[in-house]
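Q: Build me a model from this:
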Amino acid sequence: MLSRRNIILIAGLLGGLAVLFGAFGAHALQLEPPQSGWFQTANQYHFYHSLALLMLPVLSLTSRWATMVAVSWLSGLLLFSGSLYLAAAGLVNWFWMTPVGGLALLLGWVILVLAVLNAKDSNSG
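A: Predicted structure coming up:
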């Protein structure tokens, strides 16, 4: 199980990497379309899910649910954004990983919804 502290640490590292990669892509890489679009999409999803991961410990989820969401988002980021970053940089063309990663990101959101639906609400009834 991932602790709240570890989730926050991972989110902080991922957020910092998103800034670093964004700056690298904007200034060091001379990308042309469509590679520039791939890089921008990878960086946007990287940022969005880093921030979402950072907010995860604030929610009243059990450790089990939070870990499932976090692992899904982390694997999705690695596969989705990672494959687009690598393809944009011309290193490898592993586009088969992009939809798998996208499904993992989506799965994380579905798990989050299920976690909220299954949570005991102390304000109800």
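
Q: From residue 62, how far off is the nearest residue to residue 100 once chain neighbours are set aside?
A: Excluding the flanking residues, the one nearest residue 100 by CB to CB, 6 or more residues apart in numbering is residue 79, at 5.3 Å. Where you see a C-beta, it was placed from the backbone N, CA and C, and this is true even at glycine. According to CB to CB, to the nearest Å, residue 79 stands 26 Å off from residue 62.

Q: Could you check how far the spatially most central residue of the chain is from residue 120?
A: For the chain, residue 49 is the residue whose C-alpha lies nearest the centre (CA atoms, centre = their mean; 3.5 Å). The gap separating residue 49 from residue 120 is 27 Å, by CB to CB.

Q: now residue 62
A: 10 Å.

Q: ok, those two, which is more surrounded?
A: residue 62 (13 against 7; other CB atoms under 10 Å).

Q: tell me the contacts of the more buried one?
A: 115, 119 (CB atoms under 8 Å, 6 or more residues apart in numbering).

Q: Just the element for residue 109, please.
A: helix 97-118 (DSSP states H and E).

Q: Could you do residue 40 as well?
A: For residue 40, the element it lies in under DSSP H and E is helix 35-55.

Q: List the contacts of that helix.
A: For helix 35-55, contacts defined as CB under 8 Å, 6+ apart pick out 7-8, 10-12, 14-15, 17-18, 21-22, 25, 29, 31, 70, 73-74, 76-77, 80-82, 84-85, 87-90, 105, 108.

Q: distance between it and the chain's centre?
A: Relative to the centre of its chain, helix 35-55 is centred 7 Å away, using CA atoms, centre = their mean, to the nearest Å.

Q: quick one: average pLDDT of it?
A: Helix 35-55 carries an average pLDDT of 97.

Q: Could you do stretch 67-87 as well?
A: 97.

Q: Buried residues, that stretch. List them.
A: 67-70, 72-77, 79-87 (16 or more other CB atoms under 10 Å).
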